[in-house]
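A.B. asks: give me a 3D structure for the following:
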Amino acid sequence: MIERKNHLDTRAISLLLFCCAFWGLQQILIKTTVTEVPPLWQATIRMSGAVLLLWLWCLWRRVPLFERDGTLPGGLLAGLLFTAEFIGIYIGLQHTSASRLTVFLYTAPFVVALLLPRFVPAERLRGAQWLGLAIAFVGVVVAFSESFGHSSSRQLLGDALALMAGIAWGLTTLAIRSTRLATASAEKTLFYQIAVTAAVSPLLSIALGERWGVSYSGYAWFSIALQTVIGAFASYLAWMWMLRHYPATRISSFTFLTPLFALVFGVLLLSEPLTLQLVLALTGVALGIVLVNRKTAPPMVRADAARRAN
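C.D. replies: Sure, this is the predicted structure:
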């Protein structure tokens with residue numbers, strides 16, 4: 001029996017902040033590594049390494065990955081959606097800027113908030129929480145607003161791919177929470193996703209004519225190793241575990257921090273300027289997350305309070 005909570009506790013918030021901070025750093029790592037290692041070949045190495053690490057982890061923890069439990073259809077669906085997200089991101093980056101892509105990618109929490117309550121009523125957001133989600137998204141838009149000027153047809157294609165990636169991300173969460181995957185272990189849920197991506201990425205890399213190799217700099221291999229061990233394995237496993245135990249709509253609101261962490265790391269590591277826009281964006285996202293995750297009384301309690309007031 002899976003113990004589910006209706007709000008985020010200190011452990012969940014700490015894990016979310018860690019994951020979002022690392023995913024922000026990962027954007028910097030990908031940006032500084034892609035000049036040496038083609039993006040989909042880079043994804044192939046990451047996901048293949050993560051599959052191996054996860055398999056070793058499951059052997060150590062005695063977590064079954066291949067037993068028949070009815071999760072295969074939902075698992076393959078989640079895996080294909082997860083792969084589509086990465087395809088949209090990597091190909092989209094070839095047509096539009098990273099900042100424009102970021103804004104469209106982070107429509108994912110709205111997909112979760114709109115669709116998931118139809119399958120899991122307990123995930124429904126209320127008025128103030130919707131306001132918080134909107135404020136957090138506006139914060140992201142403010143952070144990257146300078147990139148939105150004249151749009152070429154090439155950029156619009158990249159924007160469409162980024163939007164596809166955002167929708168696929170949201171639908172992945174929906175598949176995890178509304179199918180038999182909701183009863184699977186976090187390890188098995190992650191295995192479906194990274195295994196499918198590891199299988200599809202090299203095929204797409206070949207189709208796009210990427211050049212494979214292993215003669216890269218020490219920094220490139222360090223970057224890939226960090227993205228594999230912390231990113232594709234540890235942080236994604238933590239994310240899957242949280243989806244099993246906490247409300248997905250509330251968890252998703254924290255992902256708005258990821259692109260802002262990327263900007264902060266850009267300031268700290270790449271000497272990019274600290275702008276008023278970034279400060280305002282961080283403030284807006286923080287306010288939005290607080291509104292989304294503010295505890296609300298259960299419906300019966302509110303109804304009882306209303307009767308007493310009358």
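A.B. asks: can you name every helix or strand that the biggest helix by length in the chain contacts?
C.D. replies: Looking across the chain with DSSP state H, the single longest helix is helix 153-178. Packing partners of helix 153-178 (3 or more Cβ pairs under 8 Å, 6 or more residues apart in numbering; DSSP states H and E): helix 72-92, helix 98-105, helix 108-119, helix 236-245, helix 248-253. All C-beta atoms are positioned from the backbone trio N, CA, C, and that covers glycine.
A.B. asks: could you point out which element follows the third one?
C.D. replies: What that stands for is helix 108-119. Using DSSP states H and E, the helix or strand that follows helix 108-119 towards the C-terminus is helix 127-143.
A.B. asks: which residues touch that following helix?
C.D. replies: Contact with helix 127-143 is made by 102-103, 106-107, 109-110, 113, 125, 249, 253, 256, 259-260, 263, 277-278, 280-285, 287-294, 296, as judged by Cβ atoms under 8 Å, 6 or more residues apart in numbering.
A.B. asks: sorry, back to before: tabulate the helices and strands packed on helix 153-178 (CSV), appending mean pLDDT, mean neighbour count and distance to residue 58.
C.D. replies: Formatted as CSV, the helices and strands packed on helix 153-178 follow (pLDDT from 0 to 100; neighbours: other Cβ atoms under 10 Å; distance: least, Cβ to Cβ, whole Å):
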stretch, mean pLDDT, mean neighbour count, distance to residue 58
helix 72-92, 92, 21, 15
helix 98-105, 76, 22, 30
helix 108-119, 90, 19, 27
helix 236-245, 94, 20, 10
helix 248-253, 90, 25, 23
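A.B. asks: for those helices, which one sits closest to residue 174?
C.D. replies: helix 108-119 (5.4 Å; Cβ to Cβ).
A.B. asks: residue ranges with poor pLDDT in the protein?
C.D. replies: In the predicted model, the chain carries pLDDT under 70 at residues 1-2, 99, 146-151, 295-310.
A.B. asks: assess the claim that residue 77 and residue 179 are in contact.
C.D. replies: Yes: assessed by Cβ atoms under 8 Å, residue 77 is found in contact with residue 179 at 7.0 Å.
A.B. asks: follow-up on the earlier one: among the helices and strands packed on helix 153-178, which is nearest residue 11?
C.D. replies: Of those, nearest to residue 11 by Cβ to Cβ is helix 236-245, at 9.2 Å.
A.B. asks: show residues contacting the closest one.
C.D. replies: Against helix 236-245 from outside (Cβ under 8 Å, 6+ apart): 2-5, 12, 15-16, 18-19, 50, 54, 57, 173, 176-177, 182, 186-187, 189-190, 193-194, 251.
A.B. asks: what would the helices and strands packed on helix 153-178 look like in CSV with distance to residue 166?
C.D. replies: Output for those, formatted as CSV (distance: least, Cβ to Cβ, whole Å):
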stretch, distance to residue 166
helix 72-92, 8
helix 98-105, 5
helix 108-119, 5
helix 236-245, 16
helix 248-253, 11
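A.B. asks: and the gap between residue 219 and residue 283?
C.D. replies: 34 Å (Cβ to Cβ, to the nearest Å).
A.B. asks: repeat for residue 105
C.D. replies: In terms of Cβ to Cβ, residue 105 sits 21 Å off from residue 283.
A.B. asks: residues in contact with residue 63?
C.D. replies: Per Cβ under 8 Å, 6+ apart, neighbours of residue 63: 57, 185, 187-188.
A.B. asks: 10 Å - rerun?
C.D. replies: Residues near residue 63 by Cβ atoms under 10 Å, 6 or more residues apart in numbering: 54-55, 57, 185-188, 191.
A.B. asks: can you pick out the most distant pair from those residues?
C.D. replies: Within the contacts of residue 63 (distances taken as Cβ to Cβ), the two that end up farthest apart are 55 and 186, at 14.4 Å.
A.B. asks: neighbour count: those two, which is higher?
C.D. replies: residue 186 (19 against 15; other Cβ atoms under 10 Å).
A.B. asks: ok, back up a step: which among the contacts of helix 236-245 count as buried?
C.D. replies: 12, 15-16, 19, 50, 54, 57, 173, 176-177, 182, 186-187, 189-190, 193-194, 251 (16 or more other Cβ atoms under 10 Å).
A.B. asks: what about dumping the CA coordinates of stretch 195-214 to PDB?
C.D. replies: Below are the C-alpha coordinates for stretch 195-214, written out as PDB (Å, rounded to 0.1, in the frame of the first residue of the first chain):
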ATOM      1  CA  ALA A 195      15.300   2.400 -21.300                       C
ATOM      2  CA  VAL A 196      13.000   3.500 -24.100                       C
ATOM      3  CA  THR A 197      15.000   6.800 -24.500                       C
ATOM      4  CA  ALA A 198      18.300   4.900 -24.600                       C
ATOM      5  CA  ALA A 199      16.900   2.700 -27.400                       C
ATOM      6  CA  VAL A 200      15.400   5.500 -29.500                       C
ATOM      7  CA  SER A 201      18.100   8.200 -29.100                       C
ATOM      8  CA  PRO A 202      20.900   6.400 -31.000                       C
ATOM      9  CA  LEU A 203      18.600   5.700 -33.900                       C
ATOM     10  CA  LEU A 204      17.500   9.300 -34.100                       C
ATOM     11  CA  SER A 205      21.200  10.400 -33.700                       C
ATOM     12  CA  ILE A 206      22.100   8.300 -36.800                       C
ATOM     13  CA  ALA A 207      19.100   9.600 -38.700                       C
ATOM     14  CA  LEU A 208      20.300  13.200 -38.100                       C
ATOM     15  CA  GLY A 209      23.800  12.400 -39.200                       C
ATOM     16  CA  GLU A 210      25.500  13.100 -35.800                       C
ATOM     17  CA  ARG A 211      29.100  12.000 -35.600                       C
ATOM     18  CA  TRP A 212      29.800   9.600 -32.800                       C
ATOM     19  CA  GLY A 213      33.100   9.400 -30.900                       C
ATOM     20  CA  VAL A 214      34.800   9.000 -27.500                       C
END
